[in-house]
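Build me a structure from this.
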Amino acid sequence: MTLRLRLGIAAGLLIGVLGIVGYVLIGTVERSQLEQIDQQLTAAAMPAAVFPRAGGSTFTRRPPLEPDNALSNIYVAVVSKTHRDVALDPSLTRGDVPRIPTTTSELGRPALRPVTVGSVSGSERWRAILFTRPGTTRQVLVAISMSRADATAAELRLAVLVAGAILLAVLTAAAFWVGRLGLRPIAEVTEVADSIAAGARSRRVTSARSGTEAGHLARAFNVMLDEQDALEVRLRQFVADASHELRTPVSAIQGFVELWRQGHLRQGQPFEDAVRRIGQESARMARLVEDLLMLARLDEGHAVDCNPVDLVSLVDEVVLDAASTHPSRCIQTETHGRVIVRGDKDALRRIISNLIINALVHTPSTASITVRVASLPNEASLEVADTGAGMGVESAPHAFDRFWRADISRSRPGSGLGLPLVAAIVAAHRGQVKMDTKAGQGTVVRVVLPITSDLSPSPNSGRSVASSRTIGREA
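Numbering: from 1, shown residues only. Purely as a prediction, here's the structure:
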């Protein structure tokens, strides 16, 4: 059932309830007035029975009685088969006289049965009693005009009709307003969703007004579609970049294998060189696949190990490894005592290694690299700074994008996953990573991790110990 149909049913029920209430109200008022008239008739029956009979002609008009007389608004006539003698004819009747009822009552309060009759001429209604006069065979007609009661009922009906018309107009305006501001955008969202499902992925909701729930829904729907499109673009770019990175080692391995099959690499130094290159390209593919697998696991929200790790000791190990593979580079460390964090030791090692390797690869051989570890209130800070050329304002925002590299020719080593892995691992450890870089002023990458203090005290606790050393060639 659609929302429009539900609103229509609710409006119909509301109008129906109003009609029932109006009908009951009008009936209650009419019954109340009818009971008052009947009580007045019953009370006036006995005085009318002994009232002096008007003699003479039929339909004789008598002057009205005083207003305070009990019979001042009562029509009284003595009737026979051929004529009626009018004893009382109040001025309220405006010349109309009641018809004679077809039923006769007996004089006495319980036996009197008032009935409603019309006028001899005109449309006025009467409430009348016809009974036999005591001691005679003549009948007495006592009646009261219902003009006031009918007028009151007519006014009440008119009021109910006017109220119903106003309510109907208000409901119509409200339905138009709700349909235009509330339901139409929802219907357009549904139409756009159906169009997108059919293949028109560029469709968007355009008629949403701000300040309404439907408008907020439409804007959220458009944002969702834009983000979905952007996600698909990134996914396609990710697949393309991964394919490009994997194609190079696969092509190299296939080339060496093909040369071997053709008999060019059977023995000697060429064969050993080919095997070595195959091993290098295989290792390159393995690292790339491992990085992709780690990123996928981190994206899925896999929890990392949470063990105490001495960040300073980890930095010393990684810096020593980097200095052994790059003996000509100057790598400095600045630490302060022990800095204990909770996390995955291998993942934290990967952060430090990727940051140092990134600085080594993207800076000239004359640039120095400084690794700083400091303990801050409730967090640990790890900085890797270099004195290289830095990055421009166009390149810096993309530094943590996957497979993105400033050198679009891809001539430099690496797969473009080093910094994205750093960002993913830091996020998994509930930390933050920031980069501060400017062209010509070097680059500083700062990682902030939550710190823990629920371990045994450091051997150097009680005094702050600062250490600074340089590994590799002096700057």
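
Could you check how far the spatially closest residue to residue 429 that is not a sequence neighbour is from residue 431?
Residue nearest to residue 429 in three dimensions, not counting chain neighbours: residue 343, with 4.7 Å by C-beta to C-beta, 6 or more residues apart in numbering. Where you see a C-beta, it was placed from the backbone N, CA and C, and this is true even at glycine. Distance, residue 343 to residue 431, by C-beta to C-beta, to the nearest Å: 9 Å.

re earlier: from residue 427, how far out is the residue nearest to residue 429?
Taking C-beta to C-beta, one finds residue 343 at 12 Å from residue 427.

Among these two, which residue is more densely surrounded?
Under the criterion of other C-beta atoms under 10 Å, the comparison of residue 343 against residue 427 puts residue 343 first, with 24 against 13.

who touches both of residue 343 and residue 431?
residue 449 (C-beta atoms under 8 Å, 6 or more residues apart in numbering).

gap between stretch 20-33 and the chain center?
Stretch 20-33 has its C-alpha centroid displaced from the chain centroid by 46 Å (C-alpha atoms, centre = their mean, to the nearest Å).

So which bits of it are buried?
22, 26, 29-30, 33 (16 or more other C-beta atoms under 10 Å).

In CSV, list the C-alpha atoms belonging to it.
Taking C-alpha atoms only, stretch 20-33 is exported to CSV below (Å, rounded to 0.1, in the frame of the first residue of the first chain):
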residue,chain,number,x,y,z
ILE,A,20,-21.0,10.6,12.0
VAL,A,21,-20.3,13.2,14.8
GLY,A,22,-22.4,15.8,12.9
TYR,A,23,-25.2,13.3,12.4
VAL,A,24,-25.3,12.3,16.0
LEU,A,25,-25.1,15.9,17.2
ILE,A,26,-28.0,17.0,14.9
GLY,A,27,-30.1,14.0,16.0
THR,A,28,-29.4,14.7,19.7
VAL,A,29,-30.4,18.3,19.4
GLU,A,30,-33.5,17.5,17.5
ARG,A,31,-34.5,14.8,20.0
SER,A,32,-33.8,17.2,22.9
GLN,A,33,-36.0,19.9,21.3
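
residue contacts, residue 448?
If you count contacts by C-beta under 8 Å, 6+ apart, residue 448 has them with 376, 379-382, 431-434.

so which of these is the most crowded?
In terms of neighbours by other C-beta under 10 Å, the contacts of residue 448 top out with residue 382 at 26 neighbours.

For that residue, give me its contacts.
If a contact means C-beta under 8 Å, 6+ apart, then residue 382 has 311, 315, 351-352, 355, 371-373, 446-449 as its contacts.

Show me what it bridges to in the sheet.
Per DSSP bridges, the residues bridged to residue 382 are residue 373, residue 447.

Sort out for me which of the contacts of residue 448 are in helices.
Counting by DSSP state H, none of the members of these fall within helices.

Closest to residue 236 out of the residues you listed?
For the contacts of residue 448, the minimum distance to residue 236 (C-beta to C-beta) is 26.1 Å, reached by residue 433.

chain center to the host helix or strand of residue 229: distance?
Following DSSP states H and E, one finds residue 229 within helix 213-261. On the basis of C-alpha atoms, centre = their mean, helix 213-261 sits 31 Å off its chain's mean C-alpha point.

Which is the succeeding secondary structure element to it?
helix 268-299.

What residues of that next one count as buried?
The neighbour-count check on helix 268-299 (16+ other C-beta under 10 Å) flags 274, 278, 281, 284-285, 288, 291-292, 294-295, 298 as buried.

Next, the angle from that helix to helix 213-261.
Here helix 268-299 runs at an angle of 160 degrees relative to helix 213-261 (axes from the mean of the first three to the mean of the last three C-alpha atoms, to 10 degrees).

The following helix or strand past helix 268-299 - contacts with which helices or strands?
With elements assigned by DSSP H and E, the helix or strand that comes after helix 268-299 is strand 307-310. Judged by 3 or more C-beta pairs under 8 Å, 6 or more residues apart in numbering; DSSP states H and E, the packing partners of strand 307-310 are strand 340-343, helix 345-361.

ok, now with 6 Å
strand 340-343 (3 or more C-beta pairs under 6 Å, 6 or more residues apart in numbering; DSSP states H and E).

hey, C-alpha coordinates of the strand it packs on in PDB?
Coordinates of each C-alpha in strand 340-343 appear next as PDB, following Å, rounded to 0.1, in the frame of the first residue of the first chain:
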ATOM      1  CA  ILE A 340      55.900   1.400  25.100                       C
ATOM      2  CA  VAL A 341      52.800   1.000  22.900                       C
ATOM      3  CA  ARG A 342      50.400  -1.800  22.400                       C
ATOM      4  CA  GLY A 343      50.100  -3.300  19.000                       C
END
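
roughly how far is it from the heart of the chain?
40 Å.

and residue 443, how many residues sit next to it?
Residue 443, neighbours per other C-beta under 10 Å, totals 24.

Show the pLDDT at the nearest residue to it once chain neighbours are set aside.
The shortest distance from residue 443 to any non-neighbouring residue, by C-beta to C-beta, 6+ apart, is to residue 437 (4.0 Å). On the pLDDT scale, residue 437 is placed at 83.

again with residue 316
For residue 316, pLDDT reads 90.

could you check the angle helix 345-361 makes with the helix or strand where it lies?
Residue 316 belongs to helix 311-325 when assigned by DSSP H and E. In terms of direction (the same axes, to 10 degrees), helix 311-325 departs from helix 345-361 by 40 degrees.

pull the CA atoms of helix 311-325 into CSV?
Provided in CSV are the C-alpha atoms of helix 311-325 (Å, rounded to 0.1, in the frame of the first residue of the first chain):
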residue,chain,number,x,y,z
LEU,A,311,58.9,1.5,19.9
VAL,A,312,62.5,2.8,20.5
SER,A,313,64.0,-0.7,20.2
LEU,A,314,62.0,-1.3,17.1
VAL,A,315,63.3,1.9,15.5
ASP,A,316,66.9,0.9,16.3
GLU,A,317,66.4,-2.4,14.6
VAL,A,318,64.8,-1.0,11.5
VAL,A,319,67.4,1.8,11.2
LEU,A,320,70.2,-0.7,11.6
ASP,A,321,68.7,-2.8,8.8
ALA,A,322,68.3,0.2,6.5
ALA,A,323,71.9,1.4,7.2
SER,A,324,73.2,-2.0,6.2
THR,A,325,71.4,-1.9,2.9
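
Give the buried residues for that helix.
For helix 311-325, the neighbour count (16+ other C-beta under 10 Å) marks 311-312, 314-316, 318-319, 322-323 as buried.

That helix packs against which elements?
The criterion is 3+ C-beta pairs under 6 Å, 6+ apart, and the helices and strands that helix 311-325 contacts are strand 330-336, helix 345-361, strand 368-376, strand 466-472.

separation between residue 121 and residue 97?
Distance from residue 121 to residue 97, by C-beta to C-beta: 8 Å.

Tell me which of the two has more neighbours.
Taking neighbours as other C-beta under 10 Å, residue 121 and residue 97 compare with residue 97 leading, 21 against 10.

Isn't that one up against residue 122?
No - here residue 97 does not reach residue 122: they are 9.0 Å apart, not a contact under C-beta atoms under 6 Å.

Next one: residue 251 relative to residue 245, how far apart?
Between residue 251 and residue 245 the distance is 12 Å, computed by C-beta to C-beta.

These two: which is more packed in?
Neighbour comparison, residue 251 and residue 245: the larger count goes to residue 245, with 21 against 11 (by other C-beta under 10 Å).
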